[in-house]
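1. The sequence and its predicted three-dimensional model are supplied below.
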Amino acid sequence: MPRPEIESLNLPETILVGVQLYSNTPNVDVKFENEMGAEVFVDADRKQLIRSISNLVKNAIQAIPRQRKGEILVRLHQEIGQIKISITDNGKGIPEHEQEKIFEPYFTTKSGGTGLGLAMVKNMLKEFGASISFETIENEGTTFTIVFN
């Protein structure tokens, strides 16, 4: 991984870049909800944060069964003094037996791919002091949450 180039970023603008990459995905509504206003600044690496958000949105799209209309909500909000970005999908969820491995390198639930996406996201976020977690319900969906401390 390249060393992060930390700068002060306006989160709503940065998130929008990662979300807009998937705004025209067929049969999937990708929405961005900003509950914090137009100017919310954090210190982070712009490219790595955009890559993290776009990877999470892409994974969310891939988790939605073909016969289901996809709904993905990317939400910027504050909770208990922490700035959070949540990416929620209405996909198939993560089976319980796979949950503990989800951030491990080379673990994948897909037929294609290397299984490095979520491991890289976790490491990139860690480099600039953010963390990631998830909540999931099988057959209902998953929410990944990035937290800036």
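-> Yep, that arrived. Residues are numbered from 1 along each chain as shown.

2. Tell me the helices and strands packed up against the lengthiest helix in the chain.
-> Looking across the chain with DSSP state H, the single longest helix is helix 46-62. Packing contacts for helix 46-62, counted by 3 or more Cβ pairs under 8 Å, 6 or more residues apart in numbering; DSSP states H and E, involve strand 6-10, helix 11-20, strand 28-34, strand 70-79, strand 82-89, helix 117-127, strand 141-148. Heads up, the C-betas are built off the backbone N, CA and C, glycines and all.

3. Could I get the average pLDDT for it?
-> Averaging pLDDT along helix 46-62 gives 94.

4. so where's the protein shaky on pLDDT?
-> 1, 109-116 (pLDDT under 70).

5. Look through it and report the residue furthest from the middle.
-> Distance from the C-alpha centroid of the chain, by Cα atoms, centre = their mean, peaks at residue 67 (22.9 Å).

6. Check the spacing between it and residue 12 real quick.
-> According to Cβ to Cβ, to the nearest Å, residue 67 stands 33 Å off from residue 12.

7. center of this structure - which residue?
-> The chain, centroid-nearest residue using Cα atoms, centre = their mean: residue 56 at 3.4 Å.

8. on that earlier part again, how about the secondary structure of the residue farthest from the centre of the chain?
-> coil (DSSP: H, G, I helix; E, B strand; the rest coil).

9. ok, now how distant is it from residue 92?
-> 11 Å.

10. Likewise for residue 55?
-> Residue 55 is 18 Å from residue 92, by Cβ to Cβ.

11. Quick one: neighbours of residue 38, just the number.
-> For residue 38, the count of nearby residues is 8 (other Cβ atoms under 10 Å).

12. swap in residue 88?
-> Residue 88: 19 neighbours (other Cβ under 10 Å).

13. If it is in a bridge, with which residues?
-> Applying DSSP bridges to residue 88 yields these beta-bridge partners: residue 73, residue 143.

14. Check residue 137 too.
-> Bridge pairing for residue 137 - DSSP bridges - gives residue 141.

15. pretty sure it contacts residue 91?
-> No - if you go by Cβ atoms under 8 Å, residue 137 and residue 91 don't touch, sitting 10.3 Å apart.

16. Nice, that's everything, thank you.
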